[in-house]
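Novice: Coordinates only, no sequence provided:
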């Protein structure tokens, strides 16, 4: 009951979807994210899988059990088509981990994105999008961000560390 009251209070306060993390998550500028990532690609999200019944049960348990330890909830997988590789490589059958919380990168089915990610530790691991990954719509702002990414990869700024 108390959890429901807190949820309703946060919805009424207008910040129900806000990410709260300690320490705060800072979104990198596109050029900085591109230089830090092992993988930079323009992708199209073909399919977002649903959580299995087992994953959903585990998610429900994690969000309703009081614990002082950090946890990583199960997250759906995303299948993508690579439109352009700008840095690194994505295997043909690669699966991407979709964000399960408001603090993670969430990819919507049918959308195009500029993906920043680190190379997975094992070939069977899912690729985890880095903070800074952004949706690529047909706007001037998104075109400018993509141009900043491309420029940072072809003309690295030698002044920055």
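Specialist: In hand now; what should we look at? Remember, it's a predicted structure, so these values are computed and weren't measured experimentally.
Novice: ok, residue 137 - contacts?
Specialist: Contact analysis of residue 137 by C-beta atoms under 8 Å, 6 or more residues apart in numbering lists residue 112. Heads up, the C-betas are built off the backbone N, CA and C, glycines and all.
Novice: same check, this time on residue 85
Specialist: 40-41 are the contacts of residue 85 under C-beta under 8 Å, 6+ apart.
Novice: and the helix or strand harbouring it, which residues are buried?
Specialist: Using DSSP states H and E, residue 85 falls within strand 77-87. For strand 77-87, burial by neighbour count (16 or more other C-beta atoms under 10 Å) applies to 77-78, 80, 82, 86.
Novice: same deal with stretch 143-160?
Specialist: Within stretch 143-160, judged by 16+ other C-beta under 10 Å, the buried ones are 145-146, 148-150, 152.
Novice: ok, those vs residue 42, which is closest?
Specialist: Nearest to residue 42 among those is residue 146, at 7.5 Å by C-beta to C-beta.
Novice: Can you give me the distance of the closest one to residue 91?
Specialist: Counting by C-beta to C-beta, to the nearest Å, the separation of residue 146 from residue 91 is 23 Å.
Novice: Tell me the neighbouring strands of the strand holding residue 85, and mark each as parallel or antiparallel.
Specialist: The sheet places strand 77-87 alongside strand 39-48 (antiparallel), strand 96-97 (antiparallel), with pairing taken from DSSP bridges.
Novice: can you pull the contacts of residue 151?
Specialist: residue 31 are the contacts of residue 151 under C-beta under 8 Å, 6+ apart.
Novice: So it belongs to a strand, correct?
Specialist: No: according to DSSP: H, G, I helix; E, B strand; the rest coil, residue 151 belongs to no strand; its state is helix.
Novice: confidence score at residue 116?
Specialist: We have a pLDDT of 95 for residue 116.
Novice: That one sits in which helix or strand?
Specialist: strand 112-117.
Novice: angle of that strand against strand 77-87?
Specialist: On the basis of axes from the mean of the first three to the mean of the last three C-alpha atoms, to 10 degrees, strand 112-117 is oriented at 80 degrees to strand 77-87.
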